[in-house]
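Participant: Structure, please.
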Amino acid sequence: MKKRSMAALTAILVVAPLVAAAPGQRVQAAESGPGDSARSAESTLVRGVDLDTVTIPELQARMNRGSLSSLRLTLAYLRRIKAVDPKINAVLRTSPTALRQAAASDLRHRLGKSRGPLDGIPVLLKDNVNTRDMPTTAGSLALAGSPPADDADLVKKLRAAGAVILGKANLSEWANFRAAEPTSGWSAVGGQTNNPYVLDRNPCGSSSGSAAALAASLAQVAIGTETDGSIVCPAGMNGVVGLKPSLGVVSQSGVVPISAEQDTAGPMARNVIDTALTLSVLSGRDTVRDGDAPSLTDAAGRPGTLRGKRIGLRRLPSLGTEVDALMTRTAERLSAAGAEVVEVSMPYQERLGELEFPALLSEFHRDIDAYLATRGGPRDLAELIEFNRTHPEEQTCFAGQELFEQALAAPPTTDPEYLAMRAELTDLSRRSIDEVMAAHDLDAIASPANPPAWTTDCARGDNDVIPSSTPAAVAGYPSLSVPAGFVGELPVGLLLMAGDRQDAELLSLGAAVEHRLGAWRAPGYLPSAPSGTSR
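Facilitator: Numbering: from 1, shown residues only. Okay, here's the model as predicted:
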């Protein structure tokens, strides 16, 4: 290594601990350094870059030219967390090594040894993703002790790619699989996350902190997890992009589970480009299947055209007339860009609704016992239930743990009745997508991702019967939420789903839809919605 480069690195590593946040604090941020602008920490501008709209390729181009550093970018996000996060309560903690990670990335850029598109890019992790250097709690005080022994596999991939692990985002406790009437975005560890658009409205669960933080431009990208709806609903309700990848594309090792048959982590961002680039790192490859499949890099850099694409529109009247009217306008705009939009209905949905929950109960008991055995604290589900009974702090928003109790009594996953349920679920969910796409020669199926955000209310719980995510979630197929527009001040997403391992194709189509709709806008942090707004 050149002496000059070594000297620069030494200087950075000496300065970084002085301005880095101390570990363990809820929100930490750095003080201003030499030459920093006097601009407010709430500004989204850094060195002429607007954090609200900048993409990873644009950031990398600036870092390669030397007009922006990862250290300055990371400082800007840390300052925004300190200034803005008290309004929305989305970030549990920032990493005490974030600035050192950024400094190391800057050295790689100067030496021409960048590790790829995520090198130097600040990433937030949902707090059910294991990190060896920060607590991983799933929002529960039961796991609030020592950090896990090792990083989750996906975190290892992010670190190897040079990403700056910025911190951990709040979530719905136990990924919303504890109480029969939970309040999304609440955890005993982190409290309640608010929707940045209207602060008394809900962010949806369970990747609530990840989505709300992105909407508020507190990180460039974030990682969420989904069993059924927990990436795509928060993405839609917070006006950002979220991809639930095909099952198995992203390793689930080291992630607090609900069901190995449906769980997946996935990327979230303010645009499809960043989402696709992040998936290329999480998956460990540039494609998600062999053969002539398009690469994720191509999907990010060269979004496809809508001309000649066939999209099936699944209306969901249960989400309200305003959402339905928005879907009509969306279909008109896609048609004007050359897409053929045909209305479709999806078979077998009632039966999927009957079978999914009982199957998840059995799978949760199996998988959470296996995970808890790797951690300090309760060693199995029975001990976890007892912990919640004896810790009043776990009951401050809602007291129930009915799902835990039902899972404890559920038949094991070796039971023939369970095995028949899961086999039928897999078959019907895949047929529900495959048959509709084949019958109408579709490139994707679209539906609303979410209703307008409901008012957060611990006493009532969620108002969230949202059936759009279930077919792809149960089938293990990819689904992607992109901003579609607004009902009043509240964002609504368009959910796109496609066949197994068609993640790159879906991202390419999603980029074209995103470009055509142009529906993103920055949140206003309104205390409450104007009178007359639904829900």
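
Participant: Please name the spatially closest residue to Gln252 (chain neighbours excluded).
Facilitator: In this structure, Gln252 finds its nearest non-sequential neighbour in Asp263, 5.4 Å apart by CB to CB, 6 or more residues apart in numbering. Where C-beta positions appear, they are placed from N, C-alpha and C, glycine not excepted.

Participant: where does the one you found land on pLDDT?
Facilitator: With respect to pLDDT, Asp263 scores 98.

Participant: surely it meets Pro257?
Facilitator: Yes - counting by CB atoms under 8 Å, Asp263 does reach Pro257; the two are 5.6 Å apart.

Participant: Quick check: buried residues in stretch 354-365?
Facilitator: 355-356, 358-365 (16 or more other CB atoms under 10 Å).

Participant: With neighbour numbers in mind, choose between Asp263 and Pro257.
Facilitator: Asp263 (26 against 22; other CB atoms under 10 Å).

Participant: what's near enough to touch that one?
Facilitator: With CB atoms under 8 Å, 6 or more residues apart in numbering as the criterion, the residues that contact Asp263 are 225-227, 252, 255, 257, 367.

Participant: With distance to Glu350 added, can I get the residues you listed in TSV?
Facilitator: Listed next are those as TSV, based on distance: CB to CB, whole Å:
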residue	distance to Glu350
Thr225	27
Glu226	22
Thr227	20
Gln252	29
Val255	31
Pro257	27
Asp367	27
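
Participant: Go through the residues you listed and name the one nearest Pro96.
Facilitator: Val255 (22.3 Å; CB to CB).

Participant: residues near that closest one, how many?
Facilitator: Residues lying near Val255 (other CB under 10 Å) number 26.

Participant: re earlier: want to throw the buried residues of stretch 354-365 into JSON lines with distance to Thr426?
Facilitator: Conversion of these to JSON lines gives the following (distance: CB to CB, whole Å):
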{"residue": "Leu355", "distance to Thr426": "10"}
{"residue": "Glu356", "distance to Thr426": "11"}
{"residue": "Pro358", "distance to Thr426": "14"}
{"residue": "Ala359", "distance to Thr426": "10"}
{"residue": "Leu360", "distance to Thr426": "13"}
{"residue": "Leu361", "distance to Thr426": "17"}
{"residue": "Ser362", "distance to Thr426": "14"}
{"residue": "Glu363", "distance to Thr426": "12"}
{"residue": "Phe364", "distance to Thr426": "17"}
{"residue": "His365", "distance to Thr426": "19"}
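
Participant: Report the secondary structure state of the residue most central in space within the chain.
Facilitator: The centroid of the chain falls nearest to Gly224 when counting by CA atoms, centre = their mean (3.0 Å). When classified by DSSP: H, G, I helix; E, B strand; the rest coil, Gly224 comes out as strand.

Participant: Contacts only, for it.
Facilitator: Contact analysis of Gly224 by CB under 8 Å, 6+ apart lists 126, 207, 210-211, 230-231, 234-235, 242, 265-268.

Participant: tell me the contacts of the closest residue to it other than its chain neighbours?
Facilitator: Leaving aside its sequence neighbours, Gly224 sits nearest to Ser207 (CB to CB, 6+ apart; 3.1 Å). Contact analysis of Ser207 by CB under 8 Å, 6+ apart lists 126, 169, 171, 222, 224-226, 230-231, 234-235, 242, 268.

Participant: tell me which element the closest residue to Arg115 other than its chain neighbours falls in.
Facilitator: Nearest residue to Arg115, sequence neighbours excluded (CB to CB, 6+ apart): Gly162, at 3.9 Å. Counting by DSSP states H and E, there is no helix or strand that carries Gly162.

Participant: now do the one 4 residues further on
Facilitator: With elements taken from DSSP H and E, the one containing Leu166 is strand 164-169.

Participant: Neighbouring strands - and their directions - for that strand?
Facilitator: In the sheet, strand 164-169 lines up against strand 91-94 (antiparallel), strand 122-126 (parallel) (DSSP bridges).

Participant: now that strand: how far from the chain's centre is it?
Facilitator: Put simply, strand 164-169 sits 13 Å off its chain's centre (CA atoms, centre = their mean, to the nearest Å).
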